[in-house]
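**Student:** model this:
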Amino acid sequence: MRFLRLLAIVAALAAGLQPALAGRIADADLSARVAALGAGGFDEVETAITDLAATGDDRVPAILDRLGEGELMVRKADGAVFFADKAGKDFRLTDPVTGADAGPAPKATVEKIKVNNRIRRAIASAVGALTLMSPDPAVRRAAAEAVMKSADAAALPALEQAIAVETVPDIRTAMVAARATALLASDAPESDKVASIAAIADLGSRDALGFLSGYTSADGAVGDAARKAAAAIESRLMLWDMGQNLWYGLSLGSVLLLAAIGLAITFGVMGVINMAHGEMVMLGAYATFTVQEVIRTSWPGLFDYSLLIALPVAFLTAALAGILIERSVIRWLYGRPLETLLATWGVSLILQQAVRSLYGANNREVGNPSWMSGSFSVGDIQVTWTRLWIILFALAVFLALIAVLKRTRLGLEMRAVTQNRQMAAAVGIRTPLVDALTFGLGSGIAGLAGVALSQIDNVSPNLGRGYIIDSFMVVVFGGVGNLWGTLVGALTLGVANKMLEPYAGAVLGKIILLLAIILFIQKRPRGLFALKGRAVEA
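**Tutor:** Sure, this is the predicted structure:
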């Protein structure tokens with residue numbers, strides 16, 4: 001009865017998901033048909049089961065399941081049929097149609113409806129017809145998957161009937177595979193079992209591989225077919241796993257791009273080794289948390305828009321902090337990179353402690369809006385909406401920054417200062433102002449990165465520390481000050497990291513990647529895309 005219980009559960013779940021009970025008949029009509037189960041011998045019970053199945057009512061599978069388990073009883077006084085649950089020495093009765101409590105009943109006042117193998121087969125056939133032949137494709141697919149997992153030979157008649165009339169190709173394939181698992185569990189001839197293995201192999205899924213693993217050690221033609229089919233599925237899944245790792249790599253690369261793109265500007269334009277860049281990311285994440293807390297307490301209906309509201313807040317917060325740091329500390333240290341490193345490291349510690357004092361040292365929760373929740377599948381690749389939106393957001397920020405550099409006066413002056421600071425100052429560009437605005441722009445973009453990272457990482461005072469080293473690796477590998485190099489470097493390092501992890505592990509994979517970058521920089525000190533200009537090349 002395992003097959004029967006699985007199908008009854010599938011039908012019950014499907015019924016619970018339906019808002020309207022369009023597949024139900026009147027309670028009085030169904031009650032009359034249920035009462036017929038207790039009105040005679042085995043022939044009458046079998047006829048009543050067929051009559052119940054013909055109604056198509058979604059309550060019937062649960063009723064027949066209880067009948068098969070011996071939990072359907074007739075009250076002797078009036079012939080009414082109830083679900084009966086043990087309650088001490090007596091029974092507690094429940095109406096099988098409405099679910100209403102019918103009260104306790106002494107054992108002597110009720111009688112169990114007897115079932116035999118013929119009745120059990122009739123029940124399995126009826127429940128299979130109600131689920132495998134349901135008008136709802138989702139119910140049919142779920143029923144086929146349930147049968148495949150149960151591998152119950154009792155499902156074969158219902159499957160044969162359902163396959164004969166199924167018109168949806170993928171559901172029919174699932175039913176054929178379910179039939180194959182049932183045949184393998186039966187006493188069918190070896191030739192039929194070999195053909196069944198081929199049908200299971202056509203699925204190419206992990207469930208199919210798991211099922212076939214139980215037959216790969218078998219002898220004869222069945223074992224040979226199972227081993228060949230399992231090898232073919234493993235090869236297919238290996239390709240999908242590579243695709244999944246590629247997706248993870250692009251996702252990681254987009255995060256590295258967001259974290260590094262601001263650093264590429266400040267490092268490239270001013271030559272400042274800004275060790276406080278990670279703290280700009282952290283400020284953006286805490287700005288997002290603060291915005292969400294205000295919205296939760298004051299305007300909860302706007303929660304789905306909280307990230308959009310947080311974007312300008314995070315940008316301005318981090319940008320103003322960056323300008324303040326540049327004007328108060330860094331402006332005195334230009335041309336002394338080692339001292340800027342030490343000074344900004346001290347600033348990063350101050351910012352971390354300030355955040356601990358304001359928000360505490362514990363992690364803070366930043367919620368996901370509904371449009372960033374959940375996932376979908378592309379073949380066997382799982383794609384989460386959060387990661388997809390972060391990739392799109394990273395590309396949007398990158399393109400917006402390119403537009404600023406190419407289409408605005410600030411961008412023109414930034415490029416001029418990058419290529420030749422002395423000449424830019426000589427033609428009237430106020431390089432100190434450009435430095436301040438550039439540092440503010442780079443810090444503001446880091447704040448935007450904090451908004452994105454708040455959706456996939458813990459918001460804590462140490463948030464930025466985990467990305468600062470990777471950000472410098474991306475900038476140096478791609479080419480200092482070159483945004484296209486930063487894009488290529490971030491995506492390359494992200495994909496390479498995720499491709500190495502399954503074979504070398506997370507720690508060893510990162511070490512191998514770091515060594516590869518060191519060797520690469522020995523060959524190309526200016527990175528993939530070196531900047532051009534007299535001052536740069538001097």
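**Student:** List the buried residues in stretch 170-187.
**Tutor:** The neighbour-count check on stretch 170-187 (16 or more other C-beta atoms under 10 Å) flags 171-172, 174-186 as buried. For every residue, glycine as well, the C-beta is placed using N, CA and C.
**Student:** How about stretch 187-195?
**Tutor:** 193-194.
**Student:** Which strand in this protein has the most residues?
**Tutor:** Longest strand in the chain, counting residues (DSSP state E): strand 81-87.
**Student:** any idea how far the following helix or strand past that strand is from the chain center?
**Tutor:** Next along the chain after strand 81-87, taking DSSP states H and E as the criterion, comes strand 90-94. Between the centre of strand 90-94 and the centre of its chain there are 44 Å (C-alpha atoms, centre = their mean, to the nearest Å).
**Student:** Residues contacting strand 90-94, please?
**Tutor:** 73, 75, 82-86, 100-107, 110 (C-beta atoms under 8 Å, 6 or more residues apart in numbering).
**Student:** Same check on stretch 69-82?
**Tutor:** Applying C-beta under 8 Å, 6+ apart, the contact partners of stretch 69-82 are 1, 5, 34-35, 37-39, 63, 66, 83-85, 91, 93-96, 102, 105, 109-113, 115.
**Student:** Mind checking which of those land in strands?
**Tutor:** Reading strands off these with DSSP E, I get 83-85, 91, 93-94, 102, 105, 110-112.
**Student:** How much space separates the closest residue to Arg206 other than its chain neighbours from Ala178?
**Tutor:** Of all residues not flanking Arg206 in the chain, Leu237 sits nearest, at 6.7 Å (C-beta to C-beta, 6 or more residues apart in numbering). The gap separating Leu237 from Ala178 is 20 Å, by C-beta to C-beta, to the nearest Å.
**Student:** cool, and Thr384?
**Tutor:** Thr384 sits at a distance of 30 Å from Ala178 (criterion: C-beta to C-beta).
**Student:** list the contacts for Arg415?
**Tutor:** Shown in contact with Arg415 (C-beta under 8 Å, 6+ apart): Leu405.
**Student:** Show me what whatever helix or strand Ile517 lives in is packed up against.
**Tutor:** Ile517 is part of helix 506-523 when elements are defined by DSSP H and E. With contacts defined as 3 or more C-beta pairs under 8 Å, 6 or more residues apart in numbering; DSSP states H and E, helix 506-523 has these neighbours: helix 465-478, helix 483-504.
**Student:** And for it, what's in contact with it?
**Tutor:** Contacting residues not belonging to helix 506-523 are listed as 473, 476-477, 493, 496-497, 500-501, 503-504, 527 [C-beta under 8 Å, 6+ apart].
**Student:** low-confidence ranges in the stretch 51-200 of the chain?
**Tutor:** Along the stretch 51-200 of the chain, segments meeting pLDDT under 70 span 56, 125-130, 147, 150-155.
**Student:** I'd guessed Leu132 sits against Ala164; true?
**Tutor:** No. Leu132 is beyond contact range of Ala164, at 10.8 Å (criterion: C-beta atoms under 8 Å).
**Student:** Who has more neighbours out of the two?
**Tutor:** For Leu132 versus Ala164, neighbours defined as other C-beta atoms under 10 Å are more numerous around Leu132 (29 against 10).
**Student:** Show the contacting residues for that one.
**Tutor:** Leu132 makes contacts with 7, 140, 143-144, 147, 158-159, 161-162, 175, as judged by C-beta under 8 Å, 6+ apart.
**Student:** Recalculate using a threshold of 6 Å.
**Tutor:** By C-beta atoms under 6 Å, 6 or more residues apart in numbering, Leu132 lies in contact with 140, 143, 158, 162.
**Student:** Ala199 against Ala180, yeah?
**Tutor:** Yes. Ala199 lies in contact with Ala180 (C-beta atoms under 6 Å); the separation is 4.0 Å.
**Student:** Give me the neighbour count for Asn368.
**Tutor:** Applying other C-beta under 10 Å, we find 18 residues neighbouring Asn368.
**Student:** now Asp202
**Tutor:** Neighbourhood size, Asp202 [other C-beta under 10 Å]: 16.
**Student:** pLDDT value on it, please?
**Tutor:** Reported pLDDT at Asp202 in the predicted model: 77.
**Student:** Good, wrapping up.
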